[in-house]
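S.K.: okay, predicted coordinates and the sequence, questions at the end:
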Amino acid sequence: MIPIRDFFYDNYGLLSSEILVAVTVTFLALSLYLLLPKRGYRSRHFQKPSWFLGFIAIVIFATTTQRLNDPVFELLFLTFILAAIISGIVAITRRSPIYAALWFAICSVSASCILICLGSYILGITILIINSAAALLTFGFIFKLNWSSRLSSSDLMTNEPLLSTVAGSLLLGLLLISIKQLSAEEPICCRPPSKATALAGRINSKPKEEDTHPLNTDGFDQFSQALSSRYFVATGLTVLLFLLAIKGSTVIASSGTEVRSCK
Amino acid sequence: MVIAVLFASTLALLQNGLLAGSIIFCLGLIGALSRRNLIVIILSVGVMIQGIAVNLVSWSRYHGDAGGSILVALIFVTAICKAILASVLIKQAFVRSGNLDSANWQTIREATINRTVDHEIPLREISEDTFLSKLIRRQR
């Protein structure tokens, strides 16, 4: 896929990255608009064209990604990205909430694998476990509330699918164009000194034996030290928020019980 | 794979991570804006949080600082709080109204604002005793 991009860039200079971004976003928006449930039905005639448009958008997106040094790692990374995007699309367009929860779980697993590919092993595995538990709870919740063979009215319709898709696509286009500006090579004299420079020097040098250990690569020591010192207040506030959420949910649930008993 | 991560270009990793995170975030945004089922809205917000996590970890990786990863961890704890409260509120809404349509939450508007239904609900899907059917009859 990536040599296609180089071929077009070398032979047809007209295909700038902005045009590719615009085409990707347009096709993705069209695909999403056609896939979203509208007016209580979803025509089967639109499913194949919408998935075809989405496939084209994903292929163009894959060609615009930056090339990494290791092809196996690049293939793995790209696979997880595409799995997350496709499962995200299906999760928001499926009419049944039970299938939406299933695809959300796949999206969460793919996103956790992306985090692992980015080097955050501990965080990725932790989020993977948390999301697995969350997906199980969501399944139980949906089954308890409204699992039935018939879809409800809220599953069959959407609020302003055209406007929602346009708003999201505009934001996506602006974000992608801004990110593409990052790829423009800055002159070395103009680059601010940052930790990335030190990291790049570390990358160019041969890694030591202890650097290849997953815990050291993840910065586990750095993570735990920063959590207990520099981010101690934020951590404490988050724990307090968690306790307040549990207490609040208990109060709301008990008040609902009182309402039912009064009736 | 560890060595592959170490040797991968940090700028390329950053850009790919940001691209993926942005697309995932916008997908979740479209779902949260357009869907009407409360459970699917919460799932869409979850998809948005996944995109934010990928973005922050990409920046954390680029700068070689654990700040982004810590922020992601704190965001996920906050997301768990959100999920706990949302589950209880959704359950209450279901007990009171009989369905999971977000249009039912229009009753929490101020009294001076007129109630509106975003779209007409197909009548074949509504039983007679639901809150929404009474609301539609009142509108007509």
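M.R.: The structure has been received and is ready for your questions. Numbering: from 1, shown residues only, chains lettered A, B, ... in the order given.
S.K.: do you know how far residue B:42 is from residue A:142?
M.R.: Distance from residue B:42 to residue A:142, counting by Cβ to Cβ, to the nearest Å: 11 Å. Placement of C-beta: from N, CA and C, glycine included.
S.K.: just the helices in the chain please.
M.R.: Reading this off chain A. Secondary structure of chain A (DSSP state H): helices located at A:2-11, A:17-35, A:47-64, A:71-93, A:97-117, A:121-146, A:153-156, A:161-182, A:195-204, A:214-218, A:220-228, A:232-262.
S.K.: ah, I was thinking of chain B
M.R.: Under DSSP H, chain B gives helices at B:2-7, B:10-34, B:38-63, B:67-97, B:131-139.
S.K.: which regions of the chain lie under the pLDDT threshold?
M.R.: In the absence of a named chain, this looks at chain A. A:1-16, A:39-44, A:143-151, A:183-220, A:256-263 (pLDDT under 70).
S.K.: please go with chain B instead
M.R.: Using pLDDT under 70, chain B drops low at B:1-9, B:106-108, B:115-140.
S.K.: name the residue of it that lies nearest to chain A.
M.R.: Relative to chain A, the nearest point of chain B is residue B:31 (3.0 Å; Cβ to the nearest Cβ).
S.K.: could I get the contacting residues of that residue?
M.R.: By Cβ atoms under 8 Å, 6 or more residues apart in numbering or on different chains, residue B:31 lies in contact with A:91-93, B:40-41, B:43-44, B:47.
S.K.: turn those into JSON lines, including neighbour count and distance to residue A:47.
M.R.: As requested, the contacts of residue B:31 are exported to JSON lines (neighbours: other Cβ atoms under 10 Å in any protein chain shown; distance: Cβ to Cβ, whole Å):
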{"residue": "A:91", "neighbour count": "26", "distance to residue A:47": "16"}
{"residue": "A:92", "neighbour count": "31", "distance to residue A:47": "15"}
{"residue": "A:93", "neighbour count": "27", "distance to residue A:47": "10"}
{"residue": "B:40", "neighbour count": "29", "distance to residue A:47": "19"}
{"residue": "B:41", "neighbour count": "23", "distance to residue A:47": "23"}
{"residue": "B:43", "neighbour count": "31", "distance to residue A:47": "21"}
{"residue": "B:44", "neighbour count": "25", "distance to residue A:47": "21"}
{"residue": "B:47", "neighbour count": "28", "distance to residue A:47": "21"}
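S.K.: same list, the residues you listed, but as JSON lines with distance to residue B:66 please.
M.R.: Shown next, in JSON lines, are the contacts of residue B:31 (distance: Cβ to Cβ, whole Å):
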{"residue": "A:91", "distance to residue B:66": "30"}
{"residue": "A:92", "distance to residue B:66": "32"}
{"residue": "A:93", "distance to residue B:66": "36"}
{"residue": "B:40", "distance to residue B:66": "34"}
{"residue": "B:41", "distance to residue B:66": "32"}
{"residue": "B:43", "distance to residue B:66": "29"}
{"residue": "B:44", "distance to residue B:66": "29"}
{"residue": "B:47", "distance to residue B:66": "25"}
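S.K.: now for those residues: which two are most distant?
M.R.: Farthest-apart pair in the contacts of residue B:31 is A:93 and B:41; separation 13.7 Å (Cβ to Cβ).
S.K.: let's have the helices of chain A in JSON lines, adding distance to chain B.
M.R.: Below are the helices of chain A laid out as JSON lines (distance: least, Cβ to the nearest Cβ, whole Å):
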{"stretch": "helix A:2-11", "distance to chain B": "12"}
{"stretch": "helix A:17-35", "distance to chain B": "6"}
{"stretch": "helix A:47-64", "distance to chain B": "7"}
{"stretch": "helix A:71-93", "distance to chain B": "3"}
{"stretch": "helix A:97-117", "distance to chain B": "4"}
{"stretch": "helix A:121-146", "distance to chain B": "5"}
{"stretch": "helix A:153-156", "distance to chain B": "4"}
{"stretch": "helix A:161-182", "distance to chain B": "4"}
{"stretch": "helix A:195-204", "distance to chain B": "4"}
{"stretch": "helix A:214-218", "distance to chain B": "5"}
{"stretch": "helix A:220-228", "distance to chain B": "5"}
{"stretch": "helix A:232-262", "distance to chain B": "4"}
